[in-house]
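Student: What shape does this take:
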Amino acid sequence: MKKRFSWLLGFSAFVCLLLAACGQERSTSSSASKGAASVDSWPEELHIGYQKSSFSLFLKEKGYLEKQLQKHGVQVKWFEFQSGPPLLEALNSGQIDIGYVGGAPAILAQANPHSQLAYIAYEPEVARAIIVPKTSSIHTVADLKGKKVAFGKGSSAHYTLLTALETAGLTLNDITPVYLQPAEARTAFERGDVDAWVIWDPFLADAEVNGGARILIDANRLPKQYGFIVARNQYVKQYANVAKTVIDQLNHVHQEIHSSPDEAAKLLAKETKIDAAVWKRTLSRRGYGVFPLTKEVIAAQQRIADQFYKAGLVSKRVNVNEAVVFVKEERKTK
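Tutor: You can find the predicted model right below:
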């Protein structure tokens with residue numbers, strides 16, 4: 001494995017900080033219990049968004065979260081999304097309470113005037129890359145000029161493309177963007193309707209193993225982009241113990257997958273219809289753990305916000321710190 005598993009580091013302190021920062025707000029979601037609630041109260045429901053490319057799927061299939069929350073009378077409802085932008089639209093509208101997304105779509109959600117987004121933890125970044133067919137005449141990022149490139153608008157792939165083009169002195173104006181979700185992009189890529197595709201694991205690994213793809217440039221050579229556990233601000237402040245439970249169980253899932261990658265690959269293959277061999281490649285090149293936010297991670301997220309503002313993807317400057325829900329120093333009591 002590329003990185004040793006170290007999920008316990010700093011997590012206990014993070015939970016204390018999160019609980020300390022949480023107030024007593026009324027939730028506006030239909031999934032919240034009616035009436036005022038204290039930070040140690042529990043809602044009737046948790047609506048959680050997931051993508052099949054994330055470990056949230058493993059958590060869903062194992063049922064660990066349900067086992068923990070049913071003790072407190074909380075019913076868990078899962079909602080699937082193909083990528084981060086639609087998941088965050090659902091979060092901002094109150095349809096879901098907690099979810100996992102890449103850094104780029106989180107910035108777009110935070111830029112929404114009615115944003116409900118709160119960052120509560122992060123995961124190491126997953127493999128992302130720009131790929132082309134093995135026989136393509138495209139061999140450098142500069143060769144993308146004038147070419148059709150598929151990617152999800154506002155997704156982590158969007159930021160990957162922006163920063164990659166920048167290394168060659170290019171911008172989106174120098175290519176023909178083709179905005180597609182992963183399933184549609186895969187079809188377009190294999191038919192030759194687009195010249196390149198920007199994508200993340202496990203779709204990236206699948207394209208390498210089964211789709212005749214060659215990596216043009218990967219994210220290891222570009223600015224970092226982390227994955228985030230995000231929540232509706234009001235919900236997480238009102239029900240901090242739910243957020244703690246979600247993060248704790250996601251940590252448990254990371255440990256289990258890291259310890260038994262072959263078994264995890266089998267389960268993920270069954271649920272996603274993506275070969276176990278593809279999942280093994282995916283699991284072998286990613287980091288593990290769910291961690292409290294750090295200055296370094298927040299700074300990386302701020303760089304995405306600044307890049308998106310520069311590119312005109314958001315109409316106002318976004319201050320990432322404004323959506324971080326925990327205080328960085330423990331509050332002192334008399």
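
Student: got a list of contacts for stretch 141-148?
Tutor: The contact list for stretch 141-148 (C-beta atoms under 8 Å, 6 or more residues apart in numbering) reads 130, 137-138, 164-165, 167-170, 174-176, 178, 193-196, 216-217. Bear in mind the C-beta positions are built from the backbone N, C-alpha and C, glycine included.

Student: so of the residues you listed, which ones are in helices?
Tutor: Of the positions in the contacts of stretch 141-148, 164, 165, 167 sit in helices, assigned by DSSP state H.

Student: ok, of the residues you listed, which one's closest to residue 248?
Tutor: Minimum distance to residue 248 across the ones in helices among the contacts of stretch 141-148 is 35.9 Å, recorded for residue 164 (C-beta to C-beta).

Student: give me the number of residues near that closest one?
Tutor: Counted by other C-beta atoms under 10 Å, the residues lying close to residue 164 total 23.

Student: now swap in residue 187 and tell me
Tutor: As a burial measure, residue 187 scores 13 neighbours (other C-beta under 10 Å).

Student: what sits against it?
Tutor: Residues near residue 187 by C-beta under 8 Å, 6+ apart: residue 193.

Student: after the lowest-mean-pLDDT helix or strand in the chain comes which helix or strand?
Tutor: Lowest mean confidence among the helices and strands of the chain (mean pLDDT, DSSP states H and E): helix 11-21, at a mean of 43. Going down the chain from helix 11-21, the next helix or strand is strand 45-50, by DSSP states H and E.

Student: Heading C-terminal from that following strand, find the next helix or strand.
Tutor: Per DSSP H and E, the first helix or strand lying C-terminal to strand 45-50 is helix 56-62.

Student: got the contact list for that next one?
Tutor: Contacts with helix 56-62, where a contact means C-beta under 8 Å, 6+ apart, come from 48-51, 65, 78, 99-100, 249-250, 253, 256-257, 264, 267-268, 271-272.

Student: I'd like the distance between the nearest residue to residue 317 once chain neighbours are set aside and residue 108.
Tutor: Spatial nearest neighbour of residue 317, excluding adjacent residues (C-beta to C-beta, 6 or more residues apart in numbering): residue 309 at 5.4 Å. For residue 309, the distance to residue 108 equals 11 Å [C-beta to C-beta, to the nearest Å].

Student: Looking at these two, which is more packed in?
Tutor: Counted by other C-beta under 10 Å, residue 309 and residue 108 do not tie: residue 108 has more neighbours, with 26 against 16.

Student: CA atoms only: put the helix or strand containing residue 268 into PDB for me.
Tutor: Assigned by DSSP H and E, residue 268 belongs to helix 261-272. What follows is helix 261-272 as a C-alpha-only set of coordinates in PDB (Å, rounded to 0.1, in the frame of the first residue of the first chain):
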ATOM      1  CA  PRO A 261      -8.100  -5.400   0.200                       C
ATOM      2  CA  ASP A 262      -8.900  -8.600  -1.700                       C
ATOM      3  CA  GLU A 263     -12.100  -9.200   0.200                       C
ATOM      4  CA  ALA A 264     -13.000  -5.500  -0.200                       C
ATOM      5  CA  ALA A 265     -12.400  -5.600  -3.900                       C
ATOM      6  CA  LYS A 266     -14.800  -8.600  -4.200                       C
ATOM      7  CA  LEU A 267     -17.600  -6.700  -2.400                       C
ATOM      8  CA  LEU A 268     -17.000  -3.500  -4.300                       C
ATOM      9  CA  ALA A 269     -16.900  -5.400  -7.600                       C
ATOM     10  CA  LYS A 270     -20.200  -7.000  -6.800                       C
ATOM     11  CA  GLU A 271     -21.900  -3.700  -6.000                       C
ATOM     12  CA  THR A 272     -20.400  -1.600  -8.800                       C
END
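
Student: and after that helix, which helix or strand comes next?
Tutor: Following helix 261-272 in sequence order, the next helix or strand is helix 276-284 (DSSP H and E).

Student: just the angle between that following helix and helix 261-272, please?
Tutor: In terms of direction (axes from the mean of the first three to the mean of the last three C-alpha atoms, to 10 degrees), helix 276-284 departs from helix 261-272 by 120 degrees.

Student: my guess is residue 266 contacts residue 276, does it?
Tutor: Yes: using C-beta atoms under 8 Å, residue 266 is in contact with residue 276, at 5.4 Å.

Student: Could you say which helix or strand holds the most centrally placed residue in the chain?
Tutor: With distances taken as C-alpha atoms, centre = their mean, the residue of the chain nearest its centroid is residue 101 (2.1 Å). Assigned by DSSP H and E, residue 101 falls within strand 98-102.

Student: Just list what that strand packs against, helices and strands only.
Tutor: Helices and strands touching strand 98-102, by 3 or more C-beta pairs under 8 Å, 6 or more residues apart in numbering; DSSP states H and E, are strand 45-50, helix 84-92, strand 227-232, helix 240-259.

Student: So for the very next helix or strand once past it, mean pLDDT?
Tutor: Next helix or strand after strand 98-102 toward the C-terminus (DSSP H and E): helix 103-111. The average of the pLDDT scores along helix 103-111 is 94.

Student: hmm, back to that, output the helices and strands packed on strand 98-102 in CSV; the columns should cover distance to residue 321 and mean neighbour count.
Tutor: Converted to CSV, these look like this (distance: least, C-beta to C-beta, whole Å; neighbours: other C-beta atoms under 10 Å):
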stretch, distance to residue 321, mean neighbour count
strand 45-50, 24, 23
helix 84-92, 18, 23
strand 227-232, 14, 27
helix 240-259, 19, 21
